[in-house]
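Asks: Just need the structure, nothing else, for what follows:
(2 chains, ligands or ions: 2)
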Amino acid sequence: MTAYNVPSSGVMADPMVVAEGLHKSFGDHHALRGLDLSVVRGTVCGLLGANGAGKTTAVRILATLSDPDAGHARVAGYDVVREAGEVRARIGLAGQYAAVDEKLTGRGNLRMFGRLYHLSRRAAHRRADELLERFGLMDAADRPVASYSGGMRRRLDLITSLIRRPEVLFLDEPTTGLDPRSRGEIWNSVRELVADGTTVLLTTQYLDEADHLADDIVVIDHGQVIATGTPEELKATIGDRLDVTLEDPAALPAAMTHLNTLANTDPTPVGPDGLSVVLPVGGLRLADIVRELDHAGVAAADVRLRRPTLDEVFLRLTDRKEPVR
Amino acid sequence: MTARTSPLRRLGWTLTDGLTLVGRELGRLRQEPGQIVAALVFPVIMVVLFGYVFGSAIQVPNGDDYREYLMPGLFAMVTFSAWLGVMTRMATDASRGVMDRFRSMPMARLAVPFGQTGADLLTGLLMLAIMVGAGLLVGWQPHRGVITTAQAFLLMIVLRYALSWVGVYLGLAVKNDQIADALVPLGLPFTMLSNAFVPTAGMPGWLRFLADWNPVSALTAASRGLFGNPGVPSGNVDWPLAHPVTATLLWSVALLVIFVPLSLRAYLRSGR
Ligand SMILES: Nc1ncnc2c1ncn2[C@@H]1O[C@H](COP(=O)(O)OP(=O)(O)O)[C@@H](O)[C@H]1O
Ligand SMILES: [Mg+2]
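Replies: Ligands and ions are numbered 1, 2, ... in the order given. Down below sits the predicted model:
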């Protein structure tokens, strides 16, 4: 149905989104400072960053809404500034807000946008029904959007960007402010799209969202990339976390001292009788740790080694960096 | 820009997409029957309020019928609602991200401002028709034949279209539906400060100057003349009231010349 020929000789690994050295300032505020990015065809890239990190600014440039001050970017093989029209014909954008007409019905919105995507009247009607059916909005199709729940609006916003079967889909914080159930529904929709072969660039502040959906993660802070990798790779960069619960709270100081020597960093006390510490990468084995504690006369009720969460990775990464102004 | 599409084809899409956006406005009306009722009731309220409540105390020169005097003023009021409506709709689209969606789509770039002004023209004609109906009900009539009457309505339509471009520009400038909503009440005093409801002769000099140069007054005076309704100023009056038709046309041209380029530039550059 897509009217555009994807070069069939294309290697699966060719990037659908490439950004090189993007800069963007608002007044004297530097929102992007040399952002580099690459998203492989058919994958989900999670652009992860705190509020104000520059995620929306980056997405707006890639979606041809805004021009970079320096650097360049290509989406689906076309330059976002010089060939903006070609890019627009191949992308979908769903933003942080539900960008639909509140006063029209869900069906009315999809039909209108379908027409504006230059589908014939019949095709626009058919596509609207198809999308409403597939994404579970058929029951609400003839109600004005103003009466929709937050989750339904976002879903409508998402499917509006799918009308033309985009090759690249930009999702800017698609689940911010949604309840867990609606988030889960959006996640499922995104997974379905990727199964269809759509390339997705997703921004989020939620680490678990990136963890669930993204094949690759790009962490940005103050308009710059500070880490990239698969979720597992990122977690591996900070080593495993050790949680220890003591039999006797009185042994806490001794345990702290010992684990500090072992891990080379300060453990964090957790409650009166527990502590937690991140071990060095490629660090110690559980058996060694238990033996060391035993030698020191510290009796542990429980010792566990676990993978760090992406949250911990993120805090580590962003803490380390001084804000550059 | 898609270099491959010819200018003619692009013009075609601008028209098609513009029409889709006009259709959008009609779709919104269908979803809000309340608005249709309000649109029907509003003219009746205005006619009753001004025609009978205030009218009972207002003296029209020569002792003519006040409601004959009033209706051209109410037509002008309807005409000047154009910039408010378009401003609110543009600002709502801008603040809700709908404008960004339009701009990220492969649709004709200029269809949005042209579609919005086109849609306003359609709803404006509807509102005008309802107001005419209300006027006929209370005994207002045009007295100078079909052609001259048509000229009066054409004048209103031309000025309305020009005013809708002021709305496009203001909507893009405020970018915020709440600010736009807050500006709407300014429309009434702007319309009142004119000859639409009372003769300006009794106003203090400075106020009279503002009222006489208000484009609302030019349009009102022009249509009073063309309808053959009372209240056509005579004697020593300011230029716009001595030549109300020319003044209305000049206002229209001036607004278009200033606000079409400003709006298009603002639309193409917004968010860059
Ligand atoms: N139009 C704008 N005018 C001024 N400052 C802006 C504008 N857009 C974004 N910024 C600033 O740029 C920085 C990055 O913003 P943004 O890209 O929206 O971050 P994020 O989406 O990651 O929260 C923020 O400090 C924000 O205040
Ligand atoms: Mg953002």
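Asks: The residue of the stretch 151-300 of chain A found nearest chain B: neighbour count?
Replies: Residue of the stretch 151-300 of chain A nearest chain B, by Cβ to the nearest Cβ: A:Thr160 (7.2 Å). Every residue, glycine included, has its C-beta placed from N, CA and C. Applying other Cβ atoms under 10 Å in any protein chain shown, we find 25 residues neighbouring A:Thr160.
Asks: Hmm, A:Asn109 and it touching each other?
Replies: Yes: using Cβ atoms under 8 Å, A:Thr160 is in contact with A:Asn109, at 6.3 Å.
Asks: what are the phi and psi values for the residue positioned nearest the centre of chain A?
Replies: Centroid-nearest residue in chain A, with Cα atoms, centre = their mean: A:Gly46, separated by 3.2 Å. In terms of degrees, to the nearest 10, the main-chain angles of A:Gly46 are phi -100, psi 120.
Asks: any idea how far it is from chain B?
Replies: With distances taken as Cβ to the nearest Cβ, to the nearest Å, A:Gly46 is found 21 Å from chain B.
Asks: residues in contact with the residue of chain B found nearest ligand 1?
Replies: Going by Cβ to the nearest ligand atom, ligand 1 is nearest to B:Gly271 of chain B, at 7.3 Å. Contacts were defined as Cβ atoms under 8 Å, 6 or more residues apart in numbering or on different chains; by that measure B:Gly271 touches A:Arg60, A:Leu65, A:Ser66, B:Met99, B:Asp100, B:Arg103.
Asks: which SS class is it?
Replies: Secondary structure, DSSP: H, G, I helix; E, B strand; the rest coil: B:Gly271 is coil.
Asks: who in chain A is up against chain B?
Replies: Proximity of chain A to chain B (Cβ under 8 Å from any Cβ of the partner chain) is limited to residues A:60, A:63-67, A:84-86, A:88-89, A:91, A:93, A:95-105, A:108, A:112-113, A:115-118, A:144, A:160-161, A:164.
Asks: Show me where the stretch 151-272 of chain B has its helices.
Replies: With DSSP state H, counting those that start in this stretch as the criterion, the stretch 151-272 of chain B has helices at B:177-183, B:187-192, B:205-213, B:215-227, B:239-242, B:244-269.
Asks: show me where pLDDT drops low in chain B?
Replies: Along chain B, segments meeting pLDDT under 70 span B:1-5.
Asks: Get me the contact residues on it for chain A.
Replies: Neighbours of chain A within chain B, by Cβ under 8 Å from any Cβ: B:1-3, B:13, B:16-17, B:20-21, B:23-24, B:27-28, B:31-32, B:96-98, B:100-107, B:111, B:271-272.
Asks: mind listing what the residue nearest to the centre of chain A touches?
Replies: For A:Gly46, the residues meeting the contact criterion (Cβ under 8 Å, 6+ apart) are A:Leu202, A:Thr203, A:Thr204, A:Glu209, A:Ala210, A:Leu213, A:Ala214, A:Asp216, A:Ile217, A:Val218.
Asks: Give me the spatial nearest neighbour of it, chain neighbours excluded.
Replies: Spatial nearest neighbour of A:Gly46, excluding adjacent residues (Cβ to Cβ, 6 or more residues apart in numbering or on different chains): A:Ala214 at 3.1 Å.
Asks: can you give me the strands in the stretch 1-150 of chain A?
Replies: Along the stretch 1-150 of chain A, the stretches classed as strands by DSSP state E, counting those that start in this stretch are A:15-26, A:29-40, A:44-48, A:70-75, A:78-79, A:91-94.
Asks: would you turn the contacts of B:Gly271 into TSV with distance to A:His222?
Replies: Listed next are the contacts of B:Gly271 as TSV, based on distance: Cβ to Cβ, whole Å:
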residue	distance to A:His222
A:Arg60	17
A:Leu65	22
A:Ser66	18
B:Met99	28
B:Asp100	24
B:Arg103	27
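Asks: Domain-wise, how is chain A divided?
Replies: Chain A breaks down by automatic domain parsing into domains covering A:8-98+A:161-231, A:239-307.
Asks: now the helices for chain A?
Replies: A:55-62, A:84-88, A:106-116, A:121-134, A:150-160, A:180-195, A:207-213, A:231-237, A:252-263, A:286-295, A:310-320 (DSSP state H).
Asks: would you turn these into a markdown table with distance to A:Val40?
Replies: Listed next are these as a markdown table, based on distance: least, Cβ to Cβ, whole Å:
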| stretch | distance to A:Val40 |
| --- | --- |
| helix A:55-62 | 15 |
| helix A:84-88 | 18 |
| helix A:106-116 | 28 |
| helix A:121-134 | 26 |
| helix A:150-160 | 22 |
| helix A:180-195 | 12 |
| helix A:207-213 | 15 |
| helix A:231-237 | 15 |
| helix A:252-263 | 36 |
| helix A:286-295 | 36 |
| helix A:310-320 | 20 |
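Asks: B:Val216 is nearest to which of the ones you listed?
Replies: When the helices of chain A are compared by Cβ to Cβ, helix A:106-116 sits nearest B:Val216, at 34.5 Å.
Asks: got the angle between the closest one and helix A:121-134?
Replies: Taking axes from the mean of the first three to the mean of the last three Cα atoms, to 10 degrees, one finds helix A:106-116 and helix A:121-134 inclined to each other by 140 degrees.
Asks: got the strands of the stretch 1-150 of chain A as a markdown table, with mean pLDDT columns?
Replies: Listed next are the strands of the stretch 1-150 of chain A as a markdown table, based on pLDDT from 0 to 100:
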| stretch | mean pLDDT |
| --- | --- |
| strand A:15-26 | 96 |
| strand A:29-40 | 96 |
| strand A:44-48 | 95 |
| strand A:70-75 | 97 |
| strand A:78-79 | 97 |
| strand A:91-94 | 95 |
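Asks: Of all the residues in the stretch 51-200 of chain B, which one is nearest chain A?
Replies: Per Cβ to the nearest Cβ, B:Gly97 is where the stretch 51-200 of chain B lies closest to chain A, at 3.4 Å.
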